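[1] sequence below, structure please.
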Amino acid sequence: FRVPLMRLVLSAAVASAALLAPRSPAASPSPAAPDPVVERMTKDLFYLAGEECQGRGIETQGILKAGDYIADSFKAAGLTPGAKGNSYFQPFTVSGSARLGSPNTLTFARPDNRAVDLRYGTDFAPTAMGKAGKVTAGVVFAGYGIRADKPKYNDYAGLDVKGKWVVVLRRSPRADADPAPFGNTPYESLQAKVQTAALQGAAGVIVVNDAGKAKDGDALMEFDYVPQQLATFPVIHATRAAVDKLLAAQGQTLADLEQTIDAGLKPRSVELKGWTGTGEVTIARVPIPCRNVVAVAEGSGPLADETVVVGAHYDHLGLGEPGSTLGAKGKGLVHYGADDNGSGTTGLLEIARHVGAMKGRVGRRVVFVAFSGEERGLFGSQHYCKEPPFPLDKTVFMLNLDMIGRMAKVDDEDGLPPLAAVLG
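    Here you go, the predicted model:
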């Protein structure tokens with residue numbers, strides 16, 4: 001079973017790449033006898049990446065058809081159901097696209113208790129990165145909201161942000177320099193800033209454009225600029241002028257603090273003593289039902305209680321779901337996903353057919369999983385790990401097939417023997 005399985009993997013990748021490769025205009029040689037593997041994989045790929053499956057987005061009906069097709073293919077291959085209840089389907093839900101409701105308010109109380117009311121849509125706007133809710137808390141300015149080891153920099157050093165609103169600048173110090181100190185690092189992403197604040201115990205995050213972002217106008221980002229929910233508290237985008245109203249009481253401006261940080265690459269975080277902020281954000285998210293497709297080929301012999309997982313995500317971007325590089329222009333257009341990841345799913349099905357045909361196979365159990373929810377954040381694989389149909393401590397290896405339809409030379413001869421040995 002060892003070497004044949006690896007050959008199956010490589011054959012599936014080669015066949016997928018061949019299916020997706022552009023046709024040469026050169027004259028074709030005399031047609032050879034049809035290759036049954038290529039015929040099967042062509043059928044699989046053309047269905048999964050066809051109109052009927054609607055790009056396999058988790059918000060489409062097409063992904064249900066794709067899931068049924070995969071389950072039927074597993075069954076036809078002789079594999080048994082691998083999920084609970086003797087089912088091929090492992091259901092779970094993901095948070096759907098966020099929809100902004102009302103009210104959405106943000107008010108600050110000065111140390112003398114006078115209110116500073118900010119205008120929704122002009123001074124601030126909620127973002128889909130946060131959760132709905134109402135928060136009243138103290139306020140701190142945490143620079144760029146970065147904690148980094150290389151280069152060594154920590155906006156949170158000596159700053160108590162637990163249970164407070166944390167105001168952070170976008171991007172990073174000297175972001176427009178060449179080279180930029182934090183260039184090609186994850187620290188300046190909005191995701192990193194929000195998640196870092198959460199780890200420090202923040203009650204809410206207020207993001208503000210840095211000077212570079214605001215040089216052509218201090219525009220507020222669209223509500224779903226980052227569509228994923230990243231925190232269990234509200235995340236708000238405010239203008240520089242709005243934040244300056246808070247800093248003025250400290251005798252400072254955002255520009256001054258930013259310039260000082262950039263000049264010395266030293267944090268200038270500060271608690272805005274006496275200030276409290278009350279923000280209310282209204283966001284609705286409808287759970288989206290999803291399902292992994294799980295099948296199993298049991299092994300026999302001394303390793304039969306150990307598991308090898310072969311997986312591929314079968315979801316894609318549907319009719320322009322979050323993650324489409326076309327943005328708003330992609331709405332309503334089928335994103336076929338032939339390579340991402342029709343190719344990997346097609347390879348998964350072909351390997352399943354060959355393994356299913358190995359009657360009386362001696363070796364480890366092989367579990368085949370077509371994951372859903374990958375494009376939204378690896379949710380299908382996360383759910384499999386949270387509720388594994390087979391013990392994870394007995395799972396010795398996983399092979400993931402993702403976008404295997406690329407024509408590229410791979411030097412893998414040295415890696416084949418040890419990999420084959422793991423599969424058993």
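
[2] go ahead and flag the most central residue of this structure.
    For the chain, the residue nearest the mean C-alpha position is residue 377 (2.7 Å; C-alpha atoms, centre = their mean).

[3] what's the helix or strand for that one?
    When secondary structure is defined by DSSP states H and E, residue 377 falls outside every helix and strand.

[4] shouldn't it be in contact with residue 228?
    Yes. Applying C-beta atoms under 8 Å as the test, residue 377 and residue 228 come out as touching, 6.1 Å apart. Quick note: C-beta positions are derived from backbone N, CA and C, even for glycine.

[5] show me what contacts residue 161?
    140, 142, 197, 200-202 (C-beta atoms under 8 Å, 6 or more residues apart in numbering).

[6] now with 10 Å?
    Residues near residue 161 by C-beta atoms under 10 Å, 6 or more residues apart in numbering: 137-140, 142, 145, 155, 197, 200-203, 205, 269, 271.

[7] going by distance to residue 242, which of these wins?
    Using C-beta to C-beta, residue 139 is the member of the contacts of residue 161 that lies nearest residue 242, at 12.0 Å.

[8] so is the closest one in a helix, a strand, or just coil?
    Following DSSP: H, G, I helix; E, B strand; the rest coil, we place residue 139 in the strand state.

[9] burial count for it?
    By other C-beta atoms under 10 Å, the residues close to residue 139 number 24.

[10] does it touch residue 271 like I think?
    Yes. Using C-beta atoms under 10 Å, residue 139 makes contact with residue 271 at a distance of 7.7 Å.

[11] tell me, what's touching these two both at once?
    Common neighbours of residue 139 and residue 271, using C-beta under 10 Å, 6+ apart, are 161, 164.

[12] quickly note the distance from residue 254 to residue 302.
    Separation of residue 254 from residue 302 (C-beta to C-beta, to the nearest Å) stands at 67 Å.

[13] neighbour count: these two, which is higher?
    Neighbours per residue (other C-beta under 10 Å) separate residue 254 from residue 302, with residue 254 holding more: 24 against 11.

[14] rewinding a little: which residues are common contacts for residue 377 and residue 228?
    94-95, 322-323.

[15] buried only: go through the residues you listed for me.
    Buried members of the shared contacts of residue 377 and residue 228, counted by 16 or more other C-beta atoms under 10 Å: 94-95, 322-323.

[16] now for these, which pair is the farthest apart?
    Spatial extent of these (C-beta to C-beta) is set by the pair 95 and 323 at 14.3 Å.

[17] first residue to last residue on stretch 262-273, what's the distance there?
    Start-to-end span of stretch 262-273 (C-alpha to C-alpha, to the nearest Å) is 24 Å.

[18] could you pull out the buried residues of that stretch?
    Buried residues in stretch 262-273, defined by neighbour count with 16+ other C-beta under 10 Å: 262, 267-272.

[19] need the contact list for the residue nearest to residue 81 when sequence neighbours are not counted.
    Leaving out its chain neighbours, the residue that sits closest to residue 81 by C-beta to C-beta, 6 or more residues apart in numbering is residue 88, at 4.7 Å. By C-beta under 10 Å, 6+ apart, residue 88 lies in contact with 67-68, 70-72, 74-75, 79-82, 291-296, 368, 370.

[20] now intersect the residues you listed with the strands, please.
    80-81, 291-296, 368, 370 (DSSP state E).

[21] from the residues you listed, which is closest to residue 385?
    The closest of those to residue 385 turns out to be residue 292 (C-beta to C-beta; 11.1 Å).

[22] tell me what that closest one is bridged to.
    In this entry, residue 292 is beta-bridged to residue 90, by DSSP bridges.

[23] where's it relative to residue 94, distance?
    Distance, residue 292 to residue 94, by C-beta to C-beta: 12 Å.

[24] list residues touching both of the two?
    With C-beta under 10 Å, 6+ apart as the test, residue 292 and residue 94 both reach 372-373, 379-380, 383.

[25] most neighbours among the residues you listed, which one is it?
    Counting neighbours by other C-beta under 10 Å, the top entry in the shared contacts of residue 292 and residue 94 is residue 372, with 30 neighbours.

[26] show me what contacts it?
    56, 58, 63, 66-67, 89-92, 94, 288-293, 313-315, 379-381, 383.

[27] hang on, the earlier thing: farthest-separated two in the contacts of residue 161?
    By the measure C-beta to C-beta, 137 and 155 form the most distant pair in the contacts of residue 161, at 18.3 Å.

[28] between those two, which one's more packed in?
    Using other C-beta under 10 Å as the criterion, residue 137 and residue 155 rank with residue 155 on top: 26 against 20.

[29] with adjacent residues omitted, what lies nearest to that one?
    Distances taken as C-beta to C-beta, 6+ apart place residue 143 nearest to residue 155, at 3.8 Å, with adjacent residues excluded.
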